[in-house]
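Participant: Here's my sequence, what's the structure:
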Amino acid sequence: MGFGDLKTPSGIKVLNDFLSDRSYIEGHVPSQADVAVFEAISAPPTGDLCHALRWFNHIKSYQSQKSSLPGVKKPLCQYGPASVADATAPAGKKADEDEDDDDVDLFGSDEEEDAEAARLKEERVAAYAAKKANKPVLIAKSSILLDVKPWDDETDMSKLEECVRSVQMDGLVWGQSKLLPVGYGIKKLQINCVVEDDKVGTDILEEHITAFEDFVQSMDVAAFNKI
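Facilitator: Residues are numbered from 1 along each chain as shown. This next block holds a predicted model:
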């Protein structure tokens with residue numbers, strides 16, 4: 001588990017991939033997990049790593065209040081994808097870790113226990129599904145049309161849209177987009193999204209989108225309709 005050496009391009013690439021479908025390192029709000037990973041990075045991610053760059057700029061805005069963020073800071077190796085090995089670790093160190101792993105069988109199997117656990121899990125899933133089937137839930141949603149403005153006519157609008165769409169969170173679905181002229185050769189990105197009202201608001205959308213400060217000058221809500 002871990003990102004590897006976050007002072008190397010390979011470590012930042014792992015972080016970028018990890019954040020492709022997450023807003024934060026853990027949970028749905030900034031926490032000490034974000035602070036721990038942020039402090040391990042020596043320089044801002046490059047523009048082509050838009051997920052890591054978006055997260056970096058967002059967490060950077062909390063530097064004056066990082067000690068007040070929730071959670072308890074853990075060792076860096078306890079954050080990140082569970083399936084990624086530290087490719088930047090010295091060979092000797094990795095060999096020692098492999099030997100330590102061989103000493104303890106964390107995934108020892110007992111066929112009878114596994115079968116019983118699987119049966120109990122299936123029963124609980126079936127019971128939960130039956131209960132939920134009898135309780136229809138109405139989810140309030142809204143359709144939002146956003147105007148995202150660049151700094152000037154030299155801004156790469158394709159990259160700007162890629163950054164905007166990289167903002168991913170539970171309850172957010174991006175829709176169609178188009179470029180509209182503003183003046184003096186400048187165009188703005190107009191993009192539609194559908195959000196679940198209880199999970200995503202315009203404030204958090206603006207906070208994430210304007211974090212791409214190399215491309216985005218401002219974001220405005222052009223239209224807002226309940227679905």
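Participant: Below-threshold pLDDT in this protein: ranges please.
Facilitator: Where the chain drops to pLDDT under 70, the residues are 1, 83-112, 135-137.
Participant: 50 instead?
Facilitator: For the chain, the stretches with pLDDT under 50 are 85-95, 104.
Participant: By residue count, tell me the biggest helix in it.
Facilitator: helix 111-133 (DSSP state H).
Participant: Tell me which other helices or strands it touches.
Facilitator: Contacts defined by 3 or more C-beta pairs under 8 Å, 6 or more residues apart in numbering; DSSP states H and E place helix 111-133 against no helix or strand at all. Every residue, glycine included, has its C-beta placed from N, CA and C.
Participant: and S23, which of the three is it?
Facilitator: Secondary structure, DSSP: H, G, I helix; E, B strand; the rest coil: S23 is coil.
Participant: Leaving out sequence neighbours, find the closest residue to it.
Facilitator: Closest residue in space to S23, ignoring its immediate chain neighbours: M169 at 5.1 Å, by C-beta to C-beta, 6 or more residues apart in numbering.
Participant: quick check, the one you found in a helix?
Facilitator: No: read with three-state DSSP, M169 is coil and lies in no helix.
Participant: in what helix or strand does Q217 lie?
Facilitator: Following DSSP states H and E, one finds Q217 within strand 216-226.
Participant: Just the buried positions in that strand, please.
Facilitator: Buried residues in strand 216-226, counted by 16 or more other C-beta atoms under 10 Å: 216, 219.
Participant: Many thanks, I have nothing further to ask.
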